[in-house]
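Colleague: build me a model:
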Amino acid sequence: MTCCASARRRAPILPLAALGLALAARAGLCAATDWELSVDARLVDSNAEPSLMEGGLGTTRFSSNDDGLQLGRIRLAVTQPLGELWSAHADLSMYDDKDRSPVGATEAYLLFRPYPVAGYRLRLKAGAFYPPISLENRAPGWDSPYTLSYSAINSWLATEVRPIGLEGTLDWLGTRGGHEFDLGATGGVFGWDQGTGVVLTNNGFSLTDRQTPLFGRVGQPGANPLGGAEPFLQFDHQAGVYGGLELRYLDRVVLRVLRYDNRAEPLADDDTTANYSQETRFTSAGARVEADHGWTGIVQWLDGETITAQDGVPGGLSSWPFRAQFALVSKRFGRHSLSVRYDRFTVDSVNGWGYGAQDGHALTAAYVFERDAHWRCTLEWLQVVSSSSSRVAFGGPPLLTETQLQLAVRYALGSGVY
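Modeller: Model prediction:
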């Protein structure tokens with residue numbers, strides 16, 4: 001595959017960014033730029049198998065090879081207002097884990113947000129962004145304020161779900177008219193997500209906080225089972241779609257449901273063994289409740305299927321139905337918070353000769369201390385118990401209990417950090 005061919009299949013993120021800068025220059029930068037820079041350092045103790053980025057089939061971000069001091073994430077986010085209604089946003093991250101580039105964008109988009117009219121509010125996005133699925137990852141940079149490692153659901157979204165396209169959201173602001181709830185509807189059309197499901201098929205779910213940068217790799221070239229897969233490519237002419245609803249009750253309860261379908265053509269393959277088409281569709285639903293005295297509870301559910309061409313059977317298809325759920329409870333007291341989360345996840349294999357089947361559960365406990373707006377310390381214990389037929393296929397143990405302990409210290413500064 002030539003560099004030119006690869007570039008043709010990638011979304012026009014650089015032209016989009018250039019357009020945003022041009023609009024900013026035309027507007028004379030009439031509004032101040034919002035920015036944030038953060039550095040996250042980790043002390044790690046793990047007995048896990050090598051992770052995805054190491055070319056392994058471990059279920060945690062860090063393995064026994066990573067004990068000691070590690071880089072969690074360096075993040076730079078910039079939001080530039082373009083007049084009163086438009087803004088451009090870019091989120092850049094560095095993970096130091098052998099991706100093709102040390103720095104990459106996890107999100108980059110233009111946002112149009114006109115003033116509410118008659119109790120309705122419209123928002124339009126164009127670019128690369130996360131669909132409104134997660135009830136857990138609500139902190140800047142699509143991070144979790146409760147734990148270091150994301151749930152299995154949100155770890156998978158971070159790894160290979162990043163639509164690049166257009167999204168529109170229309171909110172009915174009932175609370176402004178004396179009602180007790182607001183209601184929103186969201187719809188999106190997108191491309192460059194044709195590889196979504198490759199990681200799930202080969203490795204199943206994992207629990208991580210690494211977000212694959214746009215056009216980054218998952219795994220290492222030539223290393224089984226992923227071979228350096230690139231989730232954010234397009235090599236057919238199908239546009240994916242998603243749609244969802246959200247209900248907010250008195251800003252204390254959030255209910256969210258979304259249906260997602262990348263509408264990929266399973267028989268349309270790229271010209272590399274690492275990248276092939278996966279038709280992936282799923283439904284997600286969940287609730288977040290914020291009660292008195294600093295209590296927060298979140299439950300979320302995911303059910304879907306990913307389909308690709310069946311090896312050795314012309315025109316045949318194999319599918320991997322998948323399911324995941326988690327429940328999280330968090331208690332905040334002053335500058336401190338304690339959180340506990342339980343995850344359950346499974347992947348089935350249909351016409352895939354059993355390859356890719358997974359069954360597992362995980363328990364996470366985390367303590368967070370926020371000294372001030374600049375300093376945040378997090379201590380997290382994570383244990384994942386899982387069985388995987390993929391590990392057997394590559395000569396590994398079918399059943400693993402993997403434990404990871406992390407101490408993270410994050411320092412942040414920026415225009416909104418005081």
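Colleague: tell me where the model's unsure across the stretch 1-150 of the chain.
Modeller: Applying pLDDT under 70 to the stretch 1-150 of the chain flags the ranges 1-31.
Colleague: can we see that at 50?
Modeller: 1-10, 12-30 (pLDDT under 50).
Colleague: all strands for the stretch 1-150 of the chain, in order.
Modeller: With DSSP state E, counting those that start in this stretch, the ranges of strands along the stretch 1-150 of the chain come out as 34-46, 68-82, 86-94, 103-112, 120-128.
Colleague: can you check the stretch 151-300 of the chain too?
Modeller: 164-172, 181-191, 240-249, 253-261, 279-290, 295-309.
Colleague: what does the fourth one rub up against?
Modeller: Translated: strand 253-261. Taking contacts as C-beta atoms under 8 Å, 6 or more residues apart in numbering, the residues outside strand 253-261 that touch it are 131-133, 135, 161, 186, 240-249, 280-290, 304. Backbone N, C-alpha and C define where each C-beta goes, glycine included.
Colleague: tell me the buried residues within these.
Modeller: 131-133, 135, 161, 186, 240-242, 244, 246, 248, 280-282, 284-288, 290, 304 (16 or more other C-beta atoms under 10 Å).
Colleague: quick revisit: could I get the strands of the stretch 151-300 of the chain as a markdown table with distance to Arg344 and mean pLDDT?
Modeller: Shown next, in a markdown table, are the strands of the stretch 151-300 of the chain (distance: least, C-beta to C-beta, whole Å; pLDDT from 0 to 100):
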| stretch | distance to Arg344 | mean pLDDT |
| --- | --- | --- |
| strand 164-172 | 30 | 98 |
| strand 181-191 | 27 | 97 |
| strand 240-249 | 23 | 98 |
| strand 253-261 | 19 | 98 |
| strand 279-290 | 14 | 97 |
| strand 295-309 | 10 | 96 |
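Colleague: closest one to Trp35 among those strands?
Modeller: Within these, the stretch nearest Trp35 is strand 164-172; the backing value is 23.3 Å (C-beta to C-beta).
Colleague: tell me the angle the closest one makes with strand 240-249.
Modeller: 30 degrees (axes from the mean of the first three to the mean of the last three C-alpha atoms, to 10 degrees).
Colleague: what lines up beside strand 164-172 in the sheet?
Modeller: strand 120-128 (antiparallel), strand 181-191 (antiparallel) (DSSP bridges).
Colleague: find the centremost residue of this protein, please.
Modeller: Central residue of the chain (C-alpha atoms, centre = their mean): Ala158, 2.0 Å from the mean position.
Colleague: check that one and give its pLDDT.
Modeller: Model confidence at Ala158, given as pLDDT, is 97.
Colleague: roughly how far does it sit from Thr346?
Modeller: 20 Å (C-beta to C-beta, to the nearest Å).
Colleague: what do you get for Phe112?
Modeller: Applying C-beta to C-beta to Phe112 and Thr346 gives a distance of 40 Å.
Colleague: and for Ser87?
Modeller: For Ser87, the distance to Thr346 - C-beta to C-beta - is 41 Å.
Colleague: low-confidence ranges in the stretch 301-418 of the chain?
Modeller: Ranges of the stretch 301-418 of the chain meeting pLDDT under 50: none found.
Colleague: which stretches in it count as helices?
Modeller: Taking DSSP state H, counting those that start in this stretch, the helices of the stretch 301-418 of the chain run over residues 389-393.
Colleague: please, where are all the strands along it?
Modeller: 317-333, 336-347, 358-370, 375-388, 399-414.
Colleague: state the distance from Leu267 to Val347.
Modeller: In terms of C-beta to C-beta, Leu267 sits 22 Å off from Val347.
Colleague: returning to that earlier point: adding distance to Thr201 and mean neighbour count, write the strands of the stretch 1-150 of the chain out as a markdown table.
Modeller: Converted to a markdown table, the strands of the stretch 1-150 of the chain look like this (distance: least, C-beta to C-beta, whole Å; neighbours: other C-beta atoms under 10 Å):
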| stretch | distance to Thr201 | mean neighbour count |
| --- | --- | --- |
| strand 34-46 | 25 | 18 |
| strand 68-82 | 27 | 18 |
| strand 86-94 | 25 | 20 |
| strand 103-112 | 23 | 20 |
| strand 120-128 | 23 | 18 |
